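Enquirer: just to be clear, the model below is a prediction. Sequence and coordinates:
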There are 2 protein chains.
Amino acid sequence: MPIAFAQRLNQVETSAIRELFKLLGKPGIISFAGGFPDSAMFDVDGIRAASAAALAQEPGAALQYGATEGYQPLREQLAAFMASKGVQGVAPEGLIVTTGSQQALDLVAKTLIDPGDKVIVEAPTFLATIQCFRLYGADLVGAPIDGDGVQVDRLEQLIAEHRPKLVYLIPTFGNPSGATLSLERRKKVLELAVKYQTVIVEDDPYGDLYFGEAPPPSLLALSSQVPGSRDWLVHCGSLSKVLSPGLRVGWMVAPPELLARAVMCKQFSDAHTSTFAQATAAHYLQAGRMPATLANVRAVYAERAQAMGDALRSELGDAVDFVQPRGGLFVWARLTGAGGALADGNALAKRAIDKGVAFVPGAPFFCGAPDAATLRLSFATADVVRIRDGIARLAQALRA
Amino acid sequence: MPIAFAQRLNQVETSAIRELFKLLGKPGIISFAGGFPDSAMFDVDGIRAASAAALAQEPGAALQYGATEGYQPLREQLAAFMASKGVQGVAPEGLIVTTGSQQALDLVAKTLIDPGDKVIVEAPTFLATIQCFRLYGADLVGAPIDGDGVQVDRLEQLIAEHRPKLVYLIPTFGNPSGATLSLERRKKVLELAVKYQTVIVEDDPYGDLYFGEAPPPSLLALSSQVPGSRDWLVHCGSLSKVLSPGLRVGWMVAPPELLARAVMCKQFSDAHTSTFAQATAAHYLQAGRMPATLANVRAVYAERAQAMGDALRSELGDAVDFVQPRGGLFVWARLTGAGGALADGNALAKRAIDKGVAFVPGAPFFCGAPDAATLRLSFATADVVRIRDGIARLAQALRA
C-alpha cells in the first residue's frame, strides 16, 4: 500500500515548466527563462559588511530565536523604506517579516482561503501564486489585463459575480505581463475593495525596478486617499529583486486582525524568518546603501530591456507584439502569426531550445483558458550582447 | 463587515502560553520557561568565519535563489553529519533542507493531512506540533508516555483503533517530557510502522544533546534493522539546538515520493530556505567545528541539568516527582500534592511569577485531557547559580 497523500495535492500541476527547466542545462544555452535578478549585480561588499556588523554588534540576537513578527530593527528599517516611497502611516508594528514574499502569499492563503473559495487573479499572473492558492483549495478566476494592468470594469463585474475571498494583483511591472496599473485604475481598485468589502492583495516585488519615470504610487501608498481602503488591503514587499533573493526577506502589511492571524500561522509554519538574514538586511538598510544599489540595478536592467525590445523589433518584426517594459524583469510578448509564422508559445519554446535559447511559454501563467500565443522573456540575467544573440536565435527558431 | 477568515483558524488556541509569556518581561525574573539554547554558548567566531567563507567563495550562489530541495553543499554536509551518527544509506538527495524543523512539520502536515484525519502524538508533546497539525484539520489522539517514552502496547492499540495518517514522536529527550524511548521500544515502533503501514514522524532536535552515555540510535539509524520501515519513516533534524536557531536550518529525510511532494509544497511556501544561512551552515560543518561545539554544549547543559535536579530534590522534596534528564533542555516535573502542597501547574505558574521565577505549566502540551499537575522547566538558559536561586523561589511559591 502506498502512502495516502492529502487531497489538496491533487489541485496542483507543476510538470509543464519543470520539464522545460530540465532542458536549461544544455551547454551554451542563452536563457531568458528565469525570474530572478542577475547575481553579478549583488552588492556583496555591502552584504558582507552588514552581516559582519550584525554578528559584531548583536550576535546573541542575530543567532537566537526571534519574534515571529520579525526582528524589530528590520521592521523599523522596512517601515522607513516604505515611508521613503510615499507610504503613510505604516508603523514597524504594522508589518511582519516573511520568508520571502512567497511566504506572505502562503500566509494570506492559510489565513483566508477555505476550500472552494473564489479568488480573482490577473490573467496571466505569477505561476507560484496560482499553485500556492490552489493548495488551499482556492477556485481561481482570471481577470483580463491590458498594457495598463487589470481591466477594472471587468474586475468589478467579476467581483460582483463571484464575491471572491480576495483579489490578487501585481500592479507594478507584473509577472509575467510587465504591465503597470494606471493611477486611475489604482484608485478604482481601492474603491472596489471598500464597495465590495473585498480583500485586495498587492504583490509588489518589482516596483522599485523602474527605468525612467517612477510608476504610480503603490496601492498601499494611495490607500490614504481612499477612505476605508486600508482595512481591506494587504501589501507584500520583498528585498529579493533589488538586493538578494538568498536572504529570503519579504514583508507584509495588512489590517491588524489579519496580521495577527498571519503571525499565528507563521508561528507554526517556520517559527520566524532567519534572524541572521534579518539582522543582515537591517544593517544593510541602516547603512544607507540601498539608494545606490537601486540606481545601479535600474540602470543595468533599463539597458537590457531596451536591447531586448530593440532586438525583438528588428529580428522578429511583426511576428511579435509587445509593450516595451518601463520596469521589472520581463517582456511579455505575443506571437501574431504574421506571414504564417508560428503562433504557439509551447511549440516555439521547444524549437528555441534546439537553437540555443530558452524562455517560458505564457500558457501556464493563466489560471483558466490560456492565450497559447504568449511568451515571457526575462532580460535580467543576460548582458546586452547575449540578449541580441539570443533574440537572433529566437528569430531563427521562429523561421525554422 | 469584518474580514471572513478561513475556518482552519478556529482549530487553534494559543492564548494560554502567550498570556504567560507576556509576564516574562518583569524585571529580575529567572526564567525556566523558554525552549531555546543559551545564546552565550553560540560559536559566534565559527559562524562569522563560515559566513565570510560563503560570501568569499560563492557569493553568487549564497545570495541568489536556490533549489527548493536545499543548497547542495549543505545537503552533502548534513548527510555526512547523519552518517557520523550511525545513519546508513541517506544520500544528499534523500534529504531536503527546511526553514527550521518547524517547517518540516508544516510540510509533513501539508503533504499528508486532510481535515478530519487522525494523528497520534505523545501525551504530552511539542505544543507547536499540536497547533501546526490542527491548522490542517488533524484530529489528534494522545498516546501515553512514561520515563522510557511512548508506551508501545498502548500505541499499537491506538493505531489499530484510529488508523492514523501518521504518528508523531520525539523519541529522544522529548519536549516537554525529557523522556527517551528505549531501544526495545524503538524497534517495536518501527515494526508497527510496517505492520500497520503507518507513517512515523521522528522529530529529533535534541538527540545530540546527551550528557553522559549516548542515547539509543535514532529511529532513522535503526530503520536499517527493520525491513520495510524506511518506507514509512520521516526524520526531522535541526541545527537550532546545537548551533543556532537564528539560522533556521532544519532538514527532513523521507521516502522519495513523500519528499517530492514536500518539495512541491515548500516551493509554494517559501521557495527555499535562505541560501545565505544554508551556505553559512555548510561552511560551518565543513570546517569541522561541530564536534567541539557539541562537546561544549553537552558539558554546560549537563552541569545545569544536574544543578536543577539537585535543587528540586533539596528544595521541593516529595512535593515534586521527576526523572533526572540525561539530555535535552527540559525537566518535566509533576506536583505530587504531598503534605497538602499545591498540585496545579497553572496556579503555581502564577504564584511563581510573583516570586520572580517562570516556567511553563504542563497542561497545554496535552492534545486531550491534560495532566494539570505537570510543569516544564528548562535548565538551558540560566547558569547554575541562577538555577539554584530560581528553584528556591519556586519552593517559596509552592509554600505561599
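Expert: Structure received. Numbering: from 1, shown residues only, chains lettered A, B, ... in the order given.
Enquirer: ok, the most centrally placed residue in chain A to A:F173 distance?
Expert: Centroid check for chain A by Cα atoms, centre = their mean gives A:P205 as the closest residue, at 5.0 Å. A:P205 is 9 Å from A:F173, where distance means Cβ to Cβ, to the nearest Å. (Glycine included, C-beta is placed from N, CA and C.)
Enquirer: please apply the same query to A:G35.
Expert: Using Cβ to Cβ, A:G35 is found at 12 Å from A:F173.
Enquirer: more neighbours: which of these two?
Expert: More neighbours surround A:F173 than the other of A:G35 and A:F173, with 25 against 21 (other Cβ atoms under 10 Å in any protein chain shown).
Enquirer: what parts of the stretch 101-250 of chain A come near chain B?
Expert: Neighbours of chain B within the stretch 101-250 of chain A, by Cβ under 8 Å from any Cβ of the partner chain: A:102-103, A:105-106, A:110-114, A:128, A:131-132, A:135-136, A:165, A:197, A:199, A:232, A:240, A:244-248.
Enquirer: in helices, which of these appear?
Expert: Of those, the ones assigned to helices by DSSP state H are A:102-103, A:105-106, A:110-112, A:128, A:131-132, A:135.
Enquirer: wait, which of those is closest to B:T280?
Expert: Lowest distance from B:T280 to these (Cβ to Cβ) belongs to A:Q103, with 20.1 Å.
Enquirer: ok, back up a step: so what sits against both of A:G35 and A:F173?
Expert: Counting by Cβ atoms under 8 Å, 6 or more residues apart in numbering or on different chains, the contacts common to A:G35 and A:F173 are A:329-330.
Enquirer: beta partners for A:V199?
Expert: Under the criterion DSSP bridges, A:V199 forms beta bridges with A:L166.
Enquirer: measure it to A:E69 for me?
Expert: Counting by Cβ to Cβ, the gap from A:V199 to A:E69 is 20 Å.
Enquirer: do the same with A:K85
Expert: In this view, A:K85 and A:E69 are 22 Å apart by Cβ to Cβ.
Enquirer: which one of these two has more residues nearby?
Expert: Between A:K85 and A:E69, counted using other Cβ under 10 Å, A:E69 has the larger neighbour count: 20 against 15.
Enquirer: name the nearest residue to that one, sequence neighbours excluded.
Expert: A:I96 (4.8 Å; Cβ to Cβ, 6 or more residues apart in numbering or on different chains).
Enquirer: surely A:V201 forms part of a helix?
Expert: No: A:V201 is assigned strand when assessed by DSSP: H, G, I helix; E, B strand; the rest coil, not a helix.
Enquirer: what's the burial count for it?
Expert: For A:V201, using other Cβ under 10 Å, the count is 26.
Enquirer: give me the sheet partners of whichever strand or helix holds the residue nearest to A:E69 and which way each runs.
Expert: Element membership for A:I96, per DSSP states H and E: strand A:95-99. Using DSSP bridges, strand A:95-99 pairs in its sheet with strand A:249-253 (antiparallel).
Enquirer: which residues touch the partner strand?
Expert: A:70, A:74-75, A:78, A:82, A:90, A:94-104, A:107-108, A:205, A:220, A:233-240, A:243, A:259, A:262, A:273, A:277-278, A:281.
Enquirer: what angle do that strand and strand A:199-203 make?
Expert: 150 degrees (axes from the mean of the first three to the mean of the last three Cα atoms, to 10 degrees).
Enquirer: please save the CA atoms from strand A:249-253 in CSV.
Expert: The C-alpha trace of strand A:249-253 is given here as CSV (Å, rounded to 0.1, in the frame of the first residue of the first chain):
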residue,chain,number,x,y,z
VAL,A,249,13.4,38.6,3.3
GLY,A,250,10.0,39.8,2.4
TRP,A,251,7.3,41.6,4.4
MET,A,252,3.6,42.0,4.6
VAL,A,253,1.4,45.0,5.6
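Enquirer: mind checking the pLDDT average for that strand?
Expert: The average pLDDT for strand A:249-253 rounds to 98.
Enquirer: please point out which parts of it sit buried.
Expert: If you call a residue buried by 16 or more other Cβ atoms under 10 Å in any protein chain shown, then strand A:249-253 has these buried ones: A:249-253.
Enquirer: ok, now which ones touch A:Q103?
Expert: A:250, A:266, A:269-270, A:273, B:269-270.
Enquirer: one more time with 7 Å
Expert: Neighbouring residues of A:Q103 by Cβ atoms under 7 Å, 6 or more residues apart in numbering or on different chains: A:250, B:269-270.
Enquirer: residue ranges in chain A under the pLDDT threshold?
Expert: For chain A, applying pLDDT under 70 flags the ranges A:1, A:14-25.
Enquirer: could you give the number of residues near A:A311?
Expert: Neighbourhood size, A:A311 [other Cβ under 10 Å]: 20.
Enquirer: that one is in contact with A:R388, isn't it?
Expert: Yes: in terms of Cβ atoms under 7 Å, A:A311 counts as a neighbour of A:R388; the distance is 5.0 Å.
Enquirer: in a strand, A:D321, correct?
Expert: Yes: membership of A:D321 in a strand is supported by three-state DSSP.
Enquirer: buried among the residues of the stretch 101-250 of chain A next to chain B? Make that a PyMOL selection.
Expert: To isolate the buried members of these in PyMOL, using 16+ other Cβ under 10 Å:
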select buried, chain A and resi 102+103+105+106+110+111+112+113+128+131+132+135+136+165+199+232+240+244+245+246+247+248
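Enquirer: where does the closest residue to A:R326 other than its chain neighbours fall, phi/psi-wise?
Expert: Counting by Cβ to Cβ, 6+ apart, A:R326 lies nearest to A:F211, which is 5.7 Å off, once chain neighbours are set aside. Dihedral pair for A:F211: phi -100, psi -30, per degrees, to the nearest 10.
Enquirer: A:F211 contacts A:Q306, doesn't it?
Expert: No: A:F211 is not in contact with A:Q306 according to Cβ under 7 Å; the separation is 8.0 Å.
Enquirer: flag every buried residue along the helix or strand containing A:Q396.
Expert: Per DSSP H and E, A:Q396 falls inside helix A:384-399. Within helix A:384-399, the residues scored as buried using 16+ other Cβ under 10 Å are A:384, A:386-398.
Enquirer: export those residues as a markdown table, with columns for distance to chain B.
Expert: Listed next are the buried residues of helix A:384-399 as a markdown table, based on distance: Cβ to the nearest Cβ, whole Å:
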| residue | distance to chain B |
| --- | --- |
| A:V384 | 20 |
| A:R386 | 17 |
| A:I387 | 19 |
| A:R388 | 24 |
| A:D389 | 22 |
| A:G390 | 20 |
| A:I391 | 24 |
| A:A392 | 27 |
| A:R393 | 25 |
| A:L394 | 24 |
| A:A395 | 29 |
| A:Q396 | 30 |
| A:A397 | 27 |
| A:L398 | 29 |
